[in-house]
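Asks: Sequence first, predicted coordinates after that:
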Amino acid sequence: MTTAHSPLHDPERDGGRWVPPLDFALETDRDALAKQAGANIHDDRAMFTAAVVLDLALRALVAAHDTRVGNSGVHSVRVPTPDHGDVTLPEPEWCLGHDGRPTEALADVHHSGRGHVVDNGGGIELRAEPVAFPYGETPVPVSVHVELCLPDVTLDPPGLEGLAAVLVEQAAELRRLALRLAVLRAGGAW
Ligand SMILES: [Zn+2]
């Protein structure tokens, strides 16, 4: 018995697909796995659909991974700018990505990483996140952007003591951030 043969994947037919970001591909694959898990293994049609869906999902995941890792180990990202059009730039591992961010001039394009917040209560808060501005007039290598929120307060002696204690804690936090940044600059993780 012979039947026409058409491969599940044909690079010529299927080539040139869009490569999603790795996180997006992982999310899509989880959905695809969850949706196909209940397919009837005795139903040829359902198995055909599952094979095609899972093949596409797996291929997208592998392509996303390969793009991220790349031969050089550097992941790149394409960012639209009003002054230089679409720009492809190296994307550091710690950057959270550029999707959904407002379009900015190339000089303002920056990487930003996972934020770190220490809430001391009473509106006193320290926010920190790694950032880098590689294309500004004075490029900024990965550094930590810090916001120290401290509302105006009128305090009695114990209140002043309490505030001093919080500031000492915040100072310790800044030292920890300095260490984390040194590790990040040396090629470690944030
Ligand atoms: Zn980035």
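Replies: The structure has been received and is ready for your questions. Keep in mind that this is a model prediction, so the values were computed, not measured.

Asks: Can you pull the poorly scored residue ranges out of this structure?
Replies: Confidence mapping of the chain against pLDDT under 70 gives the ranges 1-3, 15-17, 65-73.

Asks: interface residues of it facing the ion?
Replies: With Cβ under 5 Å from the ion as the criterion, the chain meets the ion at residues 91, 95, 111. The way it works is simple: take the backbone N, C-alpha and C, and place the C-beta from them, glycine included.

Asks: Now do the phi/psi pair for the second one.
Replies: The reference is to residue 95. For residue 95, the backbone dihedrals (degrees, to the nearest 10) come out as phi -70, psi 140.

Asks: Which secondary structure elements does the longest helix seen in the chain sit against?
Replies: If you go by DSSP state H, the chain has its longest helix at helix 157-185. On a contact count with 3 or more Cβ pairs under 8 Å, 6 or more residues apart in numbering; DSSP states H and E, helix 157-185 meets strand 116-121, strand 124-133, strand 140-149.

Asks: what's the angle from that helix to strand 124-133?
Replies: Inter-element angle recorded for helix 157-185 and strand 124-133: 20 degrees (by axes from the mean of the first three to the mean of the last three Cα atoms, to 10 degrees).

Asks: my read: residue 22 touches residue 62, true?
Replies: No - judged on Cβ atoms under 8 Å, residue 22 makes no contact with residue 62 at a distance of 10.3 Å.
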